[in-house]
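A.B. asks: Predicted model follows, preceded by the sequence.
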Amino acid sequence: MKKLALIVSFLSIALAGFSQVNQPYTHHTERSRDKSDTSTLQAFFRNGEFYGHARYYFMATDNEANLKDFYANAFGMGIGYETGKFKGFQIGISGFFIYNLLSTDFTQTDASTGIGSRYEIGQFDMTNPSNKKDMDRLEDLYLKYSYKESFIKFGKQHIRSPFINPQDGRMRPTLIEGALLEFNELKNLKLEAGYIFGISPRSTVHYYGIGESMSIFPPGVGIDGTKSKYPGNIHSNAIFLGSATVQLPFKAKIQVLNQHIDQVLNSSFAQLNGHIGLNPSKQIFYGAQYIEQHAVGNGGNADPNLSYVKKGNMARSFGFRLGLEKLKNWQLFANYNRITKDGRYLMPREWGRDPFFTFMARERNEGYGDVHAMNLVANKLMPKQGLKIEVAYGHYYLPDIQQVALNKYAMPSYFQGNLDIRYTFSGFLQGLESQFLYVYKGNLGNTYQNDRNVINKVNMSLYNLVLNYTF
């Protein structure tokens with residue numbers, strides 16, 4: 001935030017120098033603004049837009065009676081600015097700060113297992129659990145050039161892709177540093193490309209190099225069952241992205257994407273989504289997805305004991321979705337996903353949530369092979385009342401905990417139920433949104449009477465209350 005303050009101060013001084021020489025003081029609300037004039041530097045800045053975001057988040061984990069519970073109260077606020085366009089160019093900047101209002105002492109762990117908070121610490125700075133005050137981050141700082149419906153953006157910025165995405169189930173999202181291109185000049189075709197050399201994962205306050213960014217969250221175990229030793233030892237300088245999305249003539253679209261992590265891992269992704277109209281009020285929608293991964297080079301380190309992925313490793317995943325929508329503002333759908341026995345599906349948890357159809361908030365299937373996952377989801381939108389309610393229930397059959405080659409995080413098979421209620425305020429409180437999310441995860445596998453395989457994983461409830469105000 002110090003950097004952000006310096007930049008904002010510099011811009012303020014610079015603008016004052018350009019616009020106030022030999023002129024009496026005039027308040028900014030008294031100045032006329034011609035937003036069609038982008039031929040001057042003054043118009044470039046004046047025609048921009050400020051925006052703000054305040055967020056409160058309460059989270060609590062209720063573990064089994066003999067295990068420690070955790071809770072967090074977090075409040076944060078941020079502000080950003082994007083200039084108007086000058087010959088297609090824009091500049092954007094934003095920052096955010098977080099305060100720990102009243103929370104569990106994250107330096108303390110459960111007495112019997114030695115395990116601390118899994119979810120609540122993610123509201124703050126995972127790299128410094130004792131930090132309660134100095135949690136600020138320069139989030140956006142980019143130069144953008146737009147041409148017709150296309151653009152290229154370079155610098156610190158937000159991203160949303162199948163493997164790298166905001167995963168905003170904590171106070172702040174994941175951000176990247178690099179160049180992103182979106183090309184929309186051809187009918188029914190969108191092309192995207194990216195070159196990423198830095199990542200600021202959620203639950204952190206800094207930007208990291210690619211290899212370093214893969215080493216922040218708990219690493220689980222290697223395929224031999226010992227604790228993974230790759231944190232701090234991954235050699236990778238960049239991520240390369242390429243994607244094409246095609247709108248098909250039969251009310252469907254397909255996206256194909258390739259993500260290449262320099263010296264570590266290559267992942268290919270293909271997904272088809274579409275719908276079939278039954279009548280004006282009902283339609284069936286469907287989806288199919290395929291993911292294939294291959295280790296690149298030595299998997300991040302020439303020493304196999306320090307690599308992120310074993311040399312020659314391959315993983316496959318495929319999934320399906322079928323549902324009914326527009327039935328009195330209801331959506332009903334069923335999902336299935338299969339990760340094959342070929343190997344672990346791997347993607348740094350620091351970077352984003354799973355892209356699977358069966359994903360449910362607060363748990364992931366990254367790090368596992370030989371998985372069968374299925375869930376049912378129902379949601380109802382009530383626009384007049386400002387309400388959206390979603391109920392989801394799923395079963396996730398993972399390899400046994402002792403099959404370490406296919407179970408990176410010693411997670412037993414489990415079932416999960418989610419209740420998600422969202423309310424959008426109107427009138428005087430327009431811009432305020434609330435969310436209540438309740439999650440229960442129950443055990444379906446063998447935990448071998450070891451509470452380390454239970455705490456924060458199964459037989460637990462998770463409560464979330466979020467208030468967002470945007471302006």
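C.D. replies: Perfect, I can see it now. Numbers count the residues shown, from 1 in each chain.
A.B. asks: C-alpha from now on. contacts and neighbour counts both.
C.D. replies: Fine.
A.B. asks: If you rank every helix and strand of this protein by mean pLDDT, what lands last?
C.D. replies: None of the helices or strands of the chain scores lower by mean pLDDT, DSSP states H and E than helix 2-19, at a mean of 43.
A.B. asks: Which parts of the stretch 351-471 of the chain are strands?
C.D. replies: Assigned by DSSP state E, counting those that start in this stretch, the stretch 351-471 of the chain shows strands spanning 371-382, 387-397, 414-424, 432-443, 460-470.
A.B. asks: export those strands to TSV and tack on mean neighbour count?
C.D. replies: Below are the strands of the stretch 351-471 of the chain laid out as TSV (neighbours: other Cα atoms under 10 Å):
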stretch	mean neighbour count
strand 371-382	19
strand 387-397	19
strand 414-424	19
strand 432-443	19
strand 460-470	18
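A.B. asks: Turn the ones you listed into CSV, columns for distance to Y145 and mean pLDDT.
C.D. replies: Below are the strands of the stretch 351-471 of the chain laid out as CSV (distance: least, Cα to Cα, whole Å; pLDDT from 0 to 100):
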stretch, distance to Y145, mean pLDDT
strand 371-382, 37, 97
strand 387-397, 36, 98
strand 414-424, 33, 98
strand 432-443, 32, 98
strand 460-470, 26, 97
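A.B. asks: residue nearest the centroid of this protein?
C.D. replies: Closest residue to the average C-alpha location of the chain: Q167 at 1.8 Å, with Cα atoms, centre = their mean.
A.B. asks: Nearest spatial neighbour of E433, chain-adjacent residues omitted?
C.D. replies: T424 (4.5 Å; Cα to Cα, 6 or more residues apart in numbering).
A.B. asks: got a list of what the one you found touches?
C.D. replies: T424 is in contact with 386-387, 430-434, counting by Cα atoms under 8 Å, 6 or more residues apart in numbering.
A.B. asks: Kindly report the same for Q283.
C.D. replies: If you count contacts by Cα under 8 Å, 6+ apart, then Q283 has 275-277, 324-326 around it.
A.B. asks: thinking again about what came up before, okay, the residue nearest to E433 and V404: tell me how far apart.
C.D. replies: 45 Å (Cα to Cα, to the nearest Å).
A.B. asks: Same check on T107?
C.D. replies: 29 Å.
A.B. asks: and those two? which has more neighbours close in?
C.D. replies: A count of neighbours by other Cα atoms under 10 Å puts V404 above the other of T107 and V404, at 20 against 12.
A.B. asks: need the contact list for the more buried one.
C.D. replies: 221-225, 410.
A.B. asks: Show the buried residues in these.
C.D. replies: With neighbours counted using 16 or more other Cα atoms under 10 Å, those contain these buried positions: 221-223, 225, 410.
A.B. asks: ok so, going back, output the contacts of T424 in JSON lines, with distance to K187 appended to each entry.
C.D. replies: Compiled in JSON lines, the contacts of T424 are given as follows (distance: Cα to Cα, whole Å):
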{"residue": "G386", "distance to K187": "35"}
{"residue": "L387", "distance to K187": "36"}
{"residue": "Q430", "distance to K187": "36"}
{"residue": "G431", "distance to K187": "35"}
{"residue": "L432", "distance to K187": "37"}
{"residue": "E433", "distance to K187": "36"}
{"residue": "S434", "distance to K187": "38"}
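A.B. asks: quick check, nearest of these to R160?
C.D. replies: Among these, E433 lies closest to R160 (Cα to Cα), at 21.5 Å.
A.B. asks: Specify the beta-bridge partners of that closest one.
C.D. replies: Beta-bridge partners recorded for E433 (DSSP bridges): T424, N468.
A.B. asks: likewise I176?
C.D. replies: Q157, I199.
A.B. asks: And it, how far from I159?
C.D. replies: 7 Å.
A.B. asks: Between these two, point out the one with more neighbours.
C.D. replies: Neighbour count, other Cα under 10 Å: between I176 and I159, I176 has more, with 28 against 17.
A.B. asks: if I pick the nearest residue to I115 once chain neighbours are set aside, what's in contact with it?
C.D. replies: Nearest non-adjacent residue to I115, counting by Cα to Cα, 6+ apart: T109, 5.1 Å away. Counting by Cα under 8 Å, 6+ apart, T109 touches 68, 115-117.
A.B. asks: Surely F471 is in contact with R55?
C.D. replies: No - using Cα atoms under 8 Å, F471 is not in contact with R55; the gap is 11.7 Å.
A.B. asks: more crowded one of the two?
C.D. replies: R55 (20 against 11).
A.B. asks: how far does whichever strand or helix holds the more buried one sit from the chain's center?
C.D. replies: Taking DSSP states H and E as the criterion, R55 maps to strand 49-62. With Cα atoms, centre = their mean, to the nearest Å as the basis, strand 49-62 stands 15 Å off its chain's centre.
A.B. asks: Let me know the pLDDT of the closest residue in space to Q108 that isn't next to it in sequence.
C.D. replies: Leaving aside its sequence neighbours, Q108 sits nearest to G116 (Cα to Cα, 6+ apart; 6.5 Å). At G116, the model reports a pLDDT of 96.
A.B. asks: And for G116, the neighbour number?
C.D. replies: 21.
A.B. asks: gap between it and Q449?
C.D. replies: 19 Å.
A.B. asks: same deal with T226?
C.D. replies: For T226, the distance to Q449 - Cα to Cα - is 20 Å.
A.B. asks: Looking at the two, which has the bigger crowd around it?
C.D. replies: Remark: of T226 and Q449, T226 carries more neighbours, 12 against 8, as counted by other Cα under 10 Å.
A.B. asks: bridging residues for F75?
C.D. replies: Y56, Y99.
A.B. asks: re earlier: kindly write the ChimeraX command that selects the buried subset of the contacts of Q283.
C.D. replies: ChimeraX command restricting the contacts of Q283 to the buried ones, with burial defined by 16+ other Cα under 10 Å:
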select :275,324,325,326
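A.B. asks: tell me which of the contacts of Q283 is nearest to M214?
C.D. replies: H275 (37.3 Å).
A.B. asks: How about that closest one, nearest residue that isn't a chain neighbour?
C.D. replies: F285 (3.9 Å).
A.B. asks: so that neighbour makes contact with L272?
C.D. replies: No - F285 is beyond contact range of L272, at 10.7 Å (criterion: Cα under 8 Å).
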